[in-house]
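J.: Test case, fold it:
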Amino acid sequence: METDEIIIFVITGIFIVSSIATQVTNDFNKIRLDIISLLSSKSAFIFYAIIFLLIIIYLNYKFHYWFIKKREKIKAKRKSVLENIKETKELLNKETEYVDSDKLKNYIKILKAKLEVIENSKKDHWLVDKIFNKINEIELKLPMIIKKEKVREIRIERDNLKDSIRELEEQEKRKLLDIRNLEDTSLRKLNADENPVFIEEDLTEKEKALLLKYNYKRAYEYCLDKQEFIHVLVKPTMKHSVTHTFLVWSAMKMLNKISGVRDVLDWDTKEADIIFKYNSKKFALEIETGTLLKKKSQLREKIDYLNSKYKDCWMIIVSKKNLVPKYSKFGKVSSRSEVPKKLKKLLKLAPLS
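T.: Purely as a prediction, here's the structure:
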């Protein structure tokens with residue numbers, strides 16, 4: 001574009017803008033005159049009066065609203081202060097003699113909160129000293145109360161522990177009683193009161209354990225009845241040994257199988273260990289394990305009694321073969337293995353009735 005053309009274009013633009021500006025200015029002046037004319041009219045004054053009245057009404061409402069709220073706030077604050085004073089007085093008069101430590105700690109927190117409120121309110125400072133004194137009073141007694149509570153807790157725990165121990169002991173007693181009842185029932189089934197000897201192979205493992213618990217002893221003895229060694233459980237009678245008790249039992253088993261033998265009895269007194277009848281004649285068997293050899297007067301008394309009551313119808317059965325010669329000078333003697341033969345010979349002294 002040439003320079004002349006640009007100049008012409010600019011001048012034309014300025015002319016057009018100037019024309020538009022002149023027109024806008026004329027229109028604005030006309031509008032301004034119209035507004036001034038309107039505002040100066042009677043209708044305008046009425047409008048102004050209405051607006052002013054509305055503003056006055058609004059300001060009056062706002063003032064009353066603010067005043068009422070302010071008064072309510074003052075009343076509420078005064079009420080709060082009075083209530084706080086009342087609550088504080090009640091707290092200060094509260095009895096703390098029998099209150100636990102947790103409640104006292106909470107009580108101190110409440111008092112401190114009340115104290116903070118009173119200090120911030122800058123009123124009722126006469127309560128401050130009282131609250132301080134109350135807090136100090138509680139804090140002084142609090143350690144002792146805590147100590148007493150711990151002692152009380154320990155005592156309660158001790159009593160609870162005693163009760164628990166007592167209960168456990170009672171449970172244990174009941175349990176033991178139940179076990180004892182079951183064991184008594186099992187012992188009755190085994191007829192243990194009447195049987196000092198049991199052959200092991202005839203028993204279950206539980207029965208063996210039960211008998212061993214009730215003073216039965218394991219033994220491996222030569223049986224007069226079976227004429228062989230057998231494993232047995234034996235409960236010694238009176239002050240006798242396991243072997244003595246077993247031999248009495250074994251001899252009685254043997255006698256009860258012999259035809260014509262009746263009234264077989266065992267004794268725990270000065271009488272012979274076993275007495276029985278054969279063809280209406282009384283016989284006696286004495287079991288010896290060697291203990292009476294050291295008690296000569298007692299042994300002699302026993303022999304004299306047997307001789308006087310049973311004459312030749314009695315015999316000593318010794319537990320070991322090496323005891324045969326030691327007892328032979330007192331009367332008929334037999335080792336275990338020779339009992340059947342010697343007993344048969346002894347019974348021939350009783351003629352058939």
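
J.: For residue 79, what is the enclosing helix or strand?
T.: Taking DSSP states H and E as the definition, one finds residue 79 inside helix 42-93.

J.: pLDDT below threshold where in the stretch 151-300 of the chain?
T.: Residues of the stretch 151-300 of the chain meeting the criterion pLDDT under 70: 268-269.

J.: Show me where it has its helices.
T.: Along the stretch 151-300 of the chain, counting by DSSP state H, counting those that start in this stretch, helices occupy 205-213, 242-256, 296-310.

J.: what helices or strands is the shortest one leaning on?
T.: To tie it back to what came earlier, the one meant is helix 205-213. Helices and strands touching helix 205-213, by 3 or more Cβ pairs under 8 Å, 6 or more residues apart in numbering; DSSP states H and E, are helix 126-190, strand 228-234. C-betas here are computed from N, CA, C, even on glycine.

J.: Residue 259: how many residues sit nearby?
T.: 6 (other Cβ atoms under 10 Å).

J.: got it, and the one 4 residues further on?
T.: Per other Cβ under 10 Å, the neighbour tally for residue 263 reads 9.

J.: Of all the helices and strands packed on helix 205-213, which one comes closest to residue 295?
T.: Judged by Cβ to Cβ, the one of these that comes nearest to residue 295 is strand 228-234, at 23.3 Å.

J.: coming back round to it: output the helices and strands packed on helix 205-213 in JSON lines; the columns should cover mean neighbour count and distance to residue 292.
T.: Converted to JSON lines, the helices and strands packed on helix 205-213 look like this (neighbours: other Cβ atoms under 10 Å; distance: least, Cβ to Cβ, whole Å):
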{"stretch": "helix 126-190", "mean neighbour count": "12", "distance to residue 292": "32"}
{"stretch": "strand 228-234", "mean neighbour count": "17", "distance to residue 292": "20"}
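
J.: coming back round to it: and of the helices of the stretch 151-300 of the chain, who's closest to residue 48?
T.: Here helix 205-213 is closest among those (Cβ to Cβ), at 121.3 Å.

J.: got a list of contacts for the closest one?
T.: For helix 205-213, the surrounding residues in contact (Cβ atoms under 8 Å, 6 or more residues apart in numbering) are 183, 186, 187, 190, 192, 198, 200, 203, 218, 233, 235.

J.: can you pull the buried residues of that helix?
T.: Buried residues in helix 205-213, counted by 16 or more other Cβ atoms under 10 Å: 207, 210, 211.

J.: Residue 115 versus the last one, what's the distance?
T.: Using Cβ to Cβ, to the nearest Å, residue 211 is found at 82 Å from residue 115.

J.: re earlier: comparing the helices of the stretch 151-300 of the chain, which comes out most buried?
T.: helix 242-256 (a mean of 21; mean count of other Cβ atoms under 10 Å).
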